[in-house]
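**Student:** quick one, structure for this:
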Amino acid sequence: MLDLTMYQTSLLWVGILLAIIILQWLIASYAKASEPGAIPGHPPRALGHANFAFRAWRAHQNTLENASTMIGGAIFAILAGANPAWLQGLLAIMVVSRIAHMALYYGIATDKNPSPRSYFFMISWLANVAVIVLGIIAIIV
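**Tutor:** Predicted coordinates:
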């Protein structure tokens, strides 16, 4: 039987990630609804990084695009019996990087590529790959 008490901190990080998704949804929805002529179900009218509603919408969309592998990877690693200390460390890196990505997306209106947020996207992505590898290692070792 799997002892989930070893993974409480990892599960807390997953909960924080879910809370970030809800927070981003609220911010993006409010920013878009505050625009003149906003139409429910449509992206913001001004599709560009100069528009905060667009940046908030893209930050939320980007987190959603990555959430399935982040949450799925965490669950996979827990069920595989991955090392709890490594898992919680990688999840912390992943979630803190997503928060930094969100803050930079909100604060910096740039079309530059890579932008400062791109570095935190990659840190989070690499941590997510490491979580999945950690789960695979737990199974085969």
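**Student:** show the average pLDDT along stretch 44-56.
**Tutor:** The predicted model gives stretch 44-56 an average pLDDT of 84.
**Student:** could you tell me the end-to-end distance of that stretch?
**Tutor:** End-to-end distance for stretch 44-56, by C-alpha to C-alpha, to the nearest Å: 10 Å.
**Student:** could I get the buried residue list for that stretch?
**Tutor:** Neighbour-count burial for stretch 44-56, counted by 16 or more other C-beta atoms under 10 Å, picks out 44, 49, 51, 52, 53, 54, 55, 56. Every residue, glycine included, has its C-beta placed from N, CA and C.
**Student:** could those be laid out in CSV, adding secondary structure?
**Tutor:** Converted to CSV, the buried residues of stretch 44-56 look like this (DSSP: H, G, I helix; E, B strand; the rest coil):
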residue, secondary structure
44, coil
49, coil
51, coil
52, helix
53, helix
54, helix
55, helix
56, helix
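**Student:** for residue 74, state which of those residues is nearest.
**Tutor:** residue 56 (25.2 Å; C-beta to C-beta).
**Student:** which residue sits closest to that closest one, ignoring its sequence neighbours?
**Tutor:** residue 28 (4.1 Å; C-beta to C-beta, 6 or more residues apart in numbering).
**Student:** residues near the one you found, how many?
**Tutor:** Neighbour count for residue 28, taken as other C-beta atoms under 10 Å: 23.
**Student:** and it, what is it in contact with?
**Tutor:** Contact analysis of residue 28 by C-beta atoms under 8 Å, 6 or more residues apart in numbering lists 53, 56, 57, 59, 60.
**Student:** please redo it, this time with the cut-off set to 10 Å
**Tutor:** If you count contacts by C-beta atoms under 10 Å, 6 or more residues apart in numbering, residue 28 has them with 43-44, 52-61, 106.
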